[in-house]
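For reference, the sequence and a predicted model appear below.
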Amino acid sequence: MHKDIRVYRNYIGGAWMESLARRHAPNINPADAGDLIGEAPLSISDEAIAAVEVAAHAFRSWRQTPVPERGTLVLRAARLLAEYAEDVARVMVREQGKTLAEARAEALRAIAYAKFCGAAAAAIDGVTVPLRTPAYFGYTRRRALGVVALLTPEWSPLALAFERLAQALVCGNTVVLKPALATPETAEWLVRCFADAGAPSGVVNLVHGATDETGATLIDHPSVRAVWIGGSHADIAGARRQAEARMIRFKSEQMDVNPVVVLEDADLDLALAGVLAGAFGNAGQSHTATKRVILVHPVADAFLEELVTRVCKLRLGSGLNEGVGMGPCTDEAQIRQSLVLIQQAQAEGAEVLCGGARAQDEALAHGYFLRPTIVDRVRPEMRIAREPAPGPVLAVTRVESFAEALVHAGRPHSVLSAGIYTRDGARMLRFVDEMNARSIHINAPTTSDEPQMPVNHNALIDFFSETSAVYVQYGSGNSGAG
């Protein structure tokens, strides 16, 4: 551990405390690897266990807190995040690599959803059901699970974490948050919002550490009833095995090979802007980033010529600098993995139209900068078409018809996000019918997302709560409904 370097703290049972860890992970500015921001402790198992135990104790009273009061806590935290937003955005830029505009947008998204979630909390309820027997009725009610472990990713260190935390709390759960090692300071700001908003002791807890160590300890604890994780395939696979062994709830989000189809009747300016934003925003690191574009033959050459021109104009650099269009990857591993996929695609006959290498300019050489890359003539059996590059890399497949485009867009069987650019209403609806995707975007980037959409909001309510059936007899009729 370096002297005079900030060491991030855990937050357990309503108190900020220094970790007992002897090992620490450096928090490095990805735009300048020589800029050591701080060190995140690789917390020992006893600290993770302590966090779960205080959360389990706090759950006894928090679950009895009226739902509107839980919503009020989330609303207060949202108002505080709005006050802290500029500071938090600048922290995100420095430790994750986003541009300042992207970081501000992420803060606004977190605030918007927390406000929606807090205001909608009172509507988290069951339904009344008429039964067959007179003087007898049934109803359902939602109840909290218990302690929830949130293992959050570095690509969206504020919004995803804030949204999941808000929803878990309004459903009556208590939370132990383990953030990505790359974004510990953003996590501290997030937890500070809830602490300053008056979250009771033990309701919100923060433990820094590695997913395969601290995260594994959390998942194995008998008081943890649900796990939400975002991150790499390896981290998610290991966490899933642990959760399945304990038969507890598990939900994950990871980067996917999200496709966009551009048809011959598309508004090309709109399509170009959408693909540029979807593929290269946040340096291609969002889980809903556009990773494949499927072009029908009549527009392919013109589309790619203009897209390459626009990509080459993107200015790389620290997101805090004016005029920067794309920041760095968050860490060295993402660059290496992306380069492996690019080089393998070239060996299999694909063509790199731009990028394909690290940025070597003097101002960028010390950061994790990969030049935005377009790989043309990608066939569906190539690895780059089946495995998303974790950086700013776009794979291009050319097809002869809409029918062929549908086939390619449907591989693999399901994706997080898919899009199409066309003016033809019938083909829009056909695309919607054929795509097995959580979100489908018509003439819009795959990264467009509104967390209050039922597919997001209601799914989180269902994940963070259970439903009980209640039967009430209030007359002197039969003793049962059956």
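Good, I have the coordinates.

okay, CA-based contacts and neighbour counts for the rest of this
OK.

ok, and what's touching the lowest-mean-pLDDT helix or strand in the chain?
For the chain, counting by mean pLDDT, DSSP states H and E, helix 454-464 ranks last in confidence among helices and strands (a mean of 79). If you take Cα atoms under 8 Å, 6 or more residues apart in numbering as the criterion, helix 454-464 is touched by 124, 144-145, 164, 167-168, 171, 173, 226, 249, 251, 438, 451.

any idea where the strands of the stretch 251-400 of the chain begin and end?
258-262, 290-296, 351-354, 373-376, 393-399 (DSSP state E, counting those that start in this stretch).

Using CSV, lay out those strands together with distance to residue 37.
As requested, the strands of the stretch 251-400 of the chain are exported to CSV (distance: least, Cα to Cα, whole Å):
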stretch, distance to residue 37
strand 258-262, 33
strand 290-296, 31
strand 351-354, 32
strand 373-376, 29
strand 393-399, 28
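
Make a markdown table out of those strands and add distance to residue 89, mean neighbour count and mean pLDDT.
A markdown table is the format used below for the strands of the stretch 251-400 of the chain (distance: least, Cα to Cα, whole Å; neighbours: other Cα atoms under 10 Å; pLDDT from 0 to 100):
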| stretch | distance to residue 89 | mean neighbour count | mean pLDDT |
| --- | --- | --- | --- |
| strand 258-262 | 27 | 29 | 97 |
| strand 290-296 | 24 | 28 | 97 |
| strand 351-354 | 30 | 17 | 98 |
| strand 373-376 | 27 | 23 | 98 |
| strand 393-399 | 25 | 26 | 98 |
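
do you know which of those lies nearest residue 109?
strand 290-296 (19.6 Å; Cα to Cα).

contacting residues around that closest one?
Here strand 290-296 has contacts from 256-264, 275, 278-279, 284, 385, 388-389, 393-402, 405, 408-409, 418, 445-447, using Cα under 8 Å, 6+ apart.

By residue count, which helix of the protein is the longest?
Criterion DSSP state H: the longest helix present in the chain is helix 67-96.

packing partners for the helix or strand following that helix?
For helix 67-96, the following helix or strand on the C-terminal side (DSSP states H and E) is helix 100-120. Helix 100-120 makes packing contacts with helix 67-96, helix 159-170 when contacts are defined by 3 or more Cα pairs under 8 Å, 6 or more residues apart in numbering; DSSP states H and E.

where do the helices sit along the protein?
45-62, 67-96, 100-120, 159-170, 184-196, 216-220, 233-246, 268-280, 297-312, 332-347, 383-386, 402-409, 425-434, 454-464.

Break this protein into its domains for me.
Split into domains by automatic domain parsing, the chain comes to 10-254+452-471, 258-442.

Buried residues in the least confident helix or strand of the chain, which are they?
For helix 454-464, a neighbour-count test (16 or more other Cα atoms under 10 Å) marks 457, 460-461, 463-464 as buried.

number of nearby residues for residue 196?
Close neighbours of residue 196, defined as other Cα atoms under 10 Å, add up to 12.

before we move on, back to that, what about the least confident helix or strand of the chain, distance to the chain center?
Put simply, helix 454-464 sits 15 Å off its chain's centre (Cα atoms, centre = their mean, to the nearest Å).

Please apply the same query to stretch 129-145.
The answer for stretch 129-145 is 36 Å, by Cα atoms, centre = their mean.

Name the residues of that stretch that are buried.
131, 136-137, 142-145.

What about these, which are in strands?
136-137, 142-144 (DSSP state E).

The residues you listed into a markdown table, with extra columns for pLDDT and distance to residue 427?
Shown next, in a markdown table, are these (pLDDT from 0 to 100; distance: Cα to Cα, whole Å):
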| residue | pLDDT | distance to residue 427 |
| --- | --- | --- |
| 136 | 87 | 50 |
| 137 | 87 | 47 |
| 142 | 90 | 40 |
| 143 | 92 | 43 |
| 144 | 95 | 43 |
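
quick one: which two of the residues you listed are the most distant?
Going by Cα to Cα, the pair spanning those furthest: 136 and 144, at 26.2 Å.

mind giving me JSON lines with the domains of the chain and columns for distance to residue 4?
Listed next are the domains of the chain as JSON lines, based on distance: least, Cα to Cα, whole Å:
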{"stretch": "domain 10-254+452-471", "distance to residue 4": "9"}
{"stretch": "domain 258-442", "distance to residue 4": "23"}
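
Residue 405 against residue 259, yeah?
No. Between residue 405 and residue 259 there is no contact under Cα atoms under 8 Å: 10.0 Å.

re the thing from before, name the member of the contacts of helix 454-464 with the shortest distance to residue 106.
Out of the contacts of helix 454-464, the member with the shortest distance to residue 106 (by Cα to Cα) is residue 451, at 11.9 Å.

Which residues are in contact with the closest one?
By Cα under 8 Å, 6+ apart, the neighbours of residue 451 are 113, 457.

what's the pLDDT at it?
On pLDDT, residue 451 comes in at 70.

What distance do you get for it to residue 157?
As judged by Cα to Cα, to the nearest Å, residue 451 and residue 157 stand 15 Å apart.

Also residue 374?
Applying Cα to Cα to residue 374 and residue 157 gives a distance of 27 Å.

do the same with residue 177
12 Å.

before we move on, the earlier item: kindly reformat the buried residues of stretch 129-145 as a markdown table containing distance to residue 474.
As requested, the buried residues of stretch 129-145 are exported to a markdown table (distance: Cα to Cα, whole Å):
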| residue | distance to residue 474 |
| --- | --- |
| 131 | 12 |
| 136 | 6 |
| 137 | 8 |
| 142 | 22 |
| 143 | 24 |
| 144 | 27 |
| 145 | 29 |
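
tell me which of the residues you listed is nearest to residue 12?
Closest to residue 12, out of all of these and judged by Cα to Cα, is residue 145, at 19.9 Å.

Tell me who's in contact with the closest one.
172-173, 225-226, 464-466.

Could I have the buried ones of these as ChimeraX selection syntax?
Buried residues among the contacts of residue 145 (16+ other Cα under 10 Å), as a ChimeraX selection:
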select :172,173,225,226,464,465
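
now, among the contacts of residue 145, which is nearest to residue 368?
Of all those, residue 368 sits closest to residue 226, with 34.5 Å by Cα to Cα.

Return the distance of stretch 415-434 from the chain's centre.
With Cα atoms, centre = their mean, you get 24 Å for stretch 415-434.

no no, stretch 67-74
Worked out by Cα atoms, centre = their mean, stretch 67-74 lies 24 Å from the chain centre.

in it, what's buried?
Those would be 67-68, 70-74, for stretch 67-74 by 16+ other Cα under 10 Å.

Tabulate those (JSON lines), appending pLDDT and distance to residue 293.
JSON lines is the format used below for those (pLDDT from 0 to 100; distance: Cα to Cα, whole Å):
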{"residue": "67", "pLDDT": "92", "distance to residue 293": "44"}
{"residue": "68", "pLDDT": "92", "distance to residue 293": "45"}
{"residue": "70", "pLDDT": "95", "distance to residue 293": "43"}
{"residue": "71", "pLDDT": "95", "distance to residue 293": "41"}
{"residue": "72", "pLDDT": "96", "distance to residue 293": "43"}
{"residue": "73", "pLDDT": "97", "distance to residue 293": "43"}
{"residue": "74", "pLDDT": "96", "distance to residue 293": "39"}
